[in-house]
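Chemist: here's a sequence, model it:
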Amino acid sequence: MTILIVSGTGTELGKTMTTAAIAAVALAEGRSVAVLKPAQTGVSAGEPGDVAEVRRLAGPVTGLELARYPEPLAPATAARRAGLPPVRPQDVATAAEKLAADHDMVLVEGAGGLLVRLDDEAGTLADAARLLRAPVLVVAAAGLGTLNVTALTAEALRSRGLTCAGVVIGSWPAEPDLAMRCNLSDFPESAGAPLVGALPAGVGALPPADFRAGAGGWLGPELSGTWSPAALG
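Modeler: Next up is the predicted model:
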């Protein structure tokens, strides 16, 4: 796949870490990688955002932000409150296609969930994915309640004719509880797609060399890694 959309079932679930891990594996294979962040929110001018974090952990990727808004809100709301132009789905599609012309892989990391509004015309990351005809990787939480929002996200994808590339657990704890362990076998049914990875909690604090060395072990063969659900017991 040339363009992959990385979305989530909510916020603060590990989308950036997942994007960095995919990028690290691709770079290790000698592929060129671009990371596109349509709208970076909650970060002031001059501060490092998600693209900078991916580059720090994964290595030399091409990074592009289309817009940055200082308040940690949904992109449409943050743009409106800042008096700045919003990012529209067509802007995302155009930028991704341009990057794809010069890179082996383009990772488009959304803000929050799939249907978070980018603009006041109700444009979403799902609309950008539809314009690009790109698969969507869903990053989900590990614990109780995650199956419902995962199923809702998968239903939204199917209703738009979009392909779910799989589910990645964005943060897997060292001591998972009963619900987390049971969810391992339930995710594929809820999503209608395989579980294709799980990132250990706290991997963002690893030295970059250790992150890059471990990335392939957190992602399944679908994402060029070696991980399998059996690894989590």
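Chemist: could you list the low-pLDDT ranges of the chain?
Modeler: Regions of the chain meeting the criterion pLDDT under 70 cover residues 1, 233.
Chemist: give me the distance from the strand or helix carrying residue 51 to the chain's centre.
Modeler: In the assignment (DSSP states H and E), residue 51 maps to helix 50-58. Helix 50-58 sits 13 Å away from the centroid of its parent chain (Cα atoms, centre = their mean, to the nearest Å).
Chemist: just checking, next helix/strand downstream of that helix?
Modeler: strand 62-65.
Chemist: check which helices and strands that next one sits against.
Modeler: Other helices and strands packing on strand 62-65, by 3 or more Cβ pairs under 8 Å, 6 or more residues apart in numbering; DSSP states H and E, are strand 33-37, helix 50-58, helix 89-100. For every residue, glycine as well, the C-beta is placed using N, CA and C.
Chemist: which other residues reach it?
Modeler: If you take Cβ atoms under 8 Å, 6 or more residues apart in numbering as the criterion, strand 62-65 is touched by 32-37, 39-40, 49, 51-52, 54-55, 95, 99, 102-103.
Chemist: chain center to the helix or strand following it, what's the gap?
Modeler: Per DSSP H and E, the first helix or strand lying C-terminal to strand 62-65 is strand 68-69. In this view, strand 68-69 has its centroid 18 Å away from the chain centroid, taken as Cα atoms, centre = their mean.
Chemist: and stretch 109-127, by the same measure?
Modeler: Averaging C-alpha positions (Cα atoms, centre = their mean) puts stretch 109-127 13 Å from its chain's average.
Chemist: quick one: contacts of that stretch?
Modeler: Here stretch 109-127 makes contact (Cβ under 8 Å, 6+ apart) with 5-11, 15-16, 19, 35-41, 50, 54, 74-77, 79-80, 86-89, 92, 108, 128, 136, 138, 149, 153, 156-157, 160, 162.
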